[in-house]
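Colleague: Provided below are the primary sequence and the corresponding predicted coordinates.
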Amino acid sequence: MSSSLYDRLRTLRAVGSRVEPDAAWLRSTRETLLMQAGNSLPTSPVTSWQTVGQAFRYFAPHRLFSVVRGPVLAALSIFAIALGGSIASVSAAEQSLPGDFFYSLKLATEQARLALTSAKDEKLKLKVEFTSRRGEELKQVAREDVPEKSERVAQAAEILKRDLKTVTEQLNDVRNTTSDGKKIVEVAKLVDQKSGELVQALQETKTALPDGSKGKVMEAQAAAADTGVKAIEILLAEHEQSGESIPMGDVVQAIQDYAKTVANVTGSSALTASSTAFEDKTSTSSVPIQDTVQQIKLATQQAFAAQKVDIDQAVASSSSSGTDVPGDATTSTLPTTTSTLPGATSTNPVASSTKPTPP
């Protein structure tokens, strides 16, 4: 760099240090810059959750998110309860019903509690408690006066049927993996008791519904009865394996109570005869107890199949007369085979059993 150019630069710097810009120009320039900066910012502030979510979507594959979403939701629900969370949200989830916004959170919380329970018999007890909740939810939904009532009833009934299937599977699992006969008998008795209570409760729910919605509730009621039969079969098997776990008198009492409960809600003459026969516990000596349990199971299926036929006929009659029938009007797929229960007055309960007209 030549000395002349260097001298000129020094001169310009010295002059620049003595220059004072106009205050009005500075104020105007600053306002312009601030306005341009404000226009370049988002219209709403970005929350920390949005920042985390954007980062997660950027780094995590979509498929991975879809796989872990369920377990993560369950874990988050537990953390929300454990750490306090939103009291209003937790309360809303506990009080929610099928079709409500927070109902998925309620189910996720239950699944998390099951996942944190290690012992299979304790897990089954917890599942039985949740299944009883499903019955109460169905009862509450049936009382609602909303346009989508039939859809909500159908949804609640399907969830109940799914939970009853899970209870049956867990009951089988407990028996196949547990060596303690007393624990097996304990959970089987609990399932038998709660299933009977559910059958009775669903009868009241079904009575309050129009014909178009009764079919779904009746299917859930039949599933509860099947679960009760499974519990009785396990009680009988445990007695045969070791009479110390449960005496025969308790098994007979369970069979009698079951037959009476189902006979009351279906009007099955075969089940009524069975219940009467078991009042004298010595009267079963002429027929193997295992065969009697199977006959009661078959008669139960036939009784509910007969009810389903009556419901479908009522729906069809209402439709043909121009009456609007909400709910499902599908035909029955329940078995209708022949019963040979001792003391029964009919060989085809579906066609000729004495049963009350469905309410």
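Modeller: That came through, no problem.

Colleague: where does the chain dip in pLDDT?
Modeller: Along the chain, the model assigns pLDDT under 70 to residues 1-6, 8-9, 11-91, 278-287, 322-359.

Colleague: need the contact list for Ala224.
Modeller: By Cβ atoms under 8 Å, 6 or more residues apart in numbering, Ala224 lies in contact with 135, 160, 164, 195, 198-199, 202. Bear in mind the C-beta positions are built from the backbone N, C-alpha and C, glycine included.

Colleague: do Ala263 as well
Modeller: 271-272, 274-275, 303.

Colleague: coming back round to it: can you put the contacts of Ala224 in TSV and add secondary structure and distance to Gln295?
Modeller: Shown next, in TSV, are the contacts of Ala224 (DSSP: H, G, I helix; E, B strand; the rest coil; distance: Cβ to Cβ, whole Å):
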residue	secondary structure	distance to Gln295
Gly135	helix	27
Leu160	helix	27
Leu164	helix	22
Ser195	helix	19
Leu198	helix	23
Val199	helix	18
Leu202	helix	23
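
Colleague: just the closest of the contacts of Ala263 to Lys106, please.
Modeller: Distance to Lys106 across the contacts of Ala263 (Cβ to Cβ) is lowest for Ala303, with 33.3 Å.

Colleague: correct me if wrong: that closest one contacts Leu271.
Modeller: Yes. Contact criterion Cβ atoms under 8 Å: Ala303 and Leu271 qualify, at 6.4 Å.

Colleague: overlap in contacts of the two?
Modeller: Common contacts of Ala303 and Leu271, defined by Cβ under 8 Å, 6+ apart, comprise 262-263.

Colleague: for stretch 104-112, buried residues please.
Modeller: 105-112 (16 or more other Cβ atoms under 10 Å).

Colleague: what sits against Asp226?
Modeller: Residues in contact with Asp226, defined by Cβ under 8 Å, 6+ apart, are 164, 168, 297, 300-301.

Colleague: what does Leu164 give?
Modeller: Taking Cβ under 8 Å, 6+ apart, we find Leu164 in contact with 131, 195, 220, 223-224, 226-227.

Colleague: which members of the residues you listed are the farthest-apart pair?
Modeller: Across these, the longest distance by Cβ to Cβ is 13.2 Å; it joins Thr131 and Asp226.

Colleague: can you show me the helices along the stretch 251-359 of the chain?
Modeller: For the stretch 251-359 of the chain, the helices defined by DSSP state H, counting those that start in this stretch occupy 269-277, 289-320, 349-352.

Colleague: Pro210: which of those helices is closest?
Modeller: With Cβ to Cβ as the measure, helix 289-320 is the member of those nearest Pro210 (8.6 Å).

Colleague: how about the closest one: buried residues?
Modeller: For helix 289-320, burial by neighbour count (16+ other Cβ under 10 Å) applies to 289, 292-293, 295-312, 314-315, 318.

Colleague: isn't Thr117 up against Leu124?
Modeller: No. Applying Cβ under 8 Å, one finds Thr117 not in contact with Leu124, separated by 9.4 Å.

Colleague: of those two, who's got more company?
Modeller: Ranked by neighbour count (other Cβ atoms under 10 Å), Thr117 and Leu124 place Leu124 first, with 25 against 15.

Colleague: which one of the buried residues of stretch 104-112 is nearest Asp145?
Modeller: Set against Asp145, the nearest of the buried residues of stretch 104-112 by Cβ to Cβ is Lys106 (22.4 Å).

Colleague: contacts only, for that closest one.
Modeller: When contacts are taken as Cβ under 8 Å, 6+ apart, Lys106 is in contact with 93-94, 96.

Colleague: can you select the buried ones from the residues you listed in PyMOL?
Modeller: PyMOL command restricting the contacts of Lys106 to the buried ones, with burial defined by 16+ other Cβ under 10 Å:
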select buried, resi 93+96
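
Colleague: can you redo the contacts of Lys106 as CSV with secondary structure and distance to Glu244?
Modeller: Shown next, in CSV, are these (three-state DSSP; distance: Cβ to Cβ, whole Å):
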residue, secondary structure, distance to Glu244
Ala93, helix, 44
Glu94, helix, 41
Ser96, coil, 45
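
Colleague: please dump the contacts of Lys106 into a markdown table; it should also carry distance to Gln241 for every row.
Modeller: Putting those into a markdown table (distance: Cβ to Cβ, whole Å) gives the following:
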| residue | distance to Gln241 |
| --- | --- |
| Ala93 | 43 |
| Glu94 | 41 |
| Ser96 | 43 |
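
Colleague: between the contacts of Lys106, which is closest to Ser179?
Modeller: The closest of the contacts of Lys106 to Ser179 turns out to be Glu94 (Cβ to Cβ; 36.8 Å).

Colleague: could you check how far the closest one is from Arg133?
Modeller: Look at Glu94 and Arg133: by Cβ to Cβ, to the nearest Å, they are 10 Å apart.
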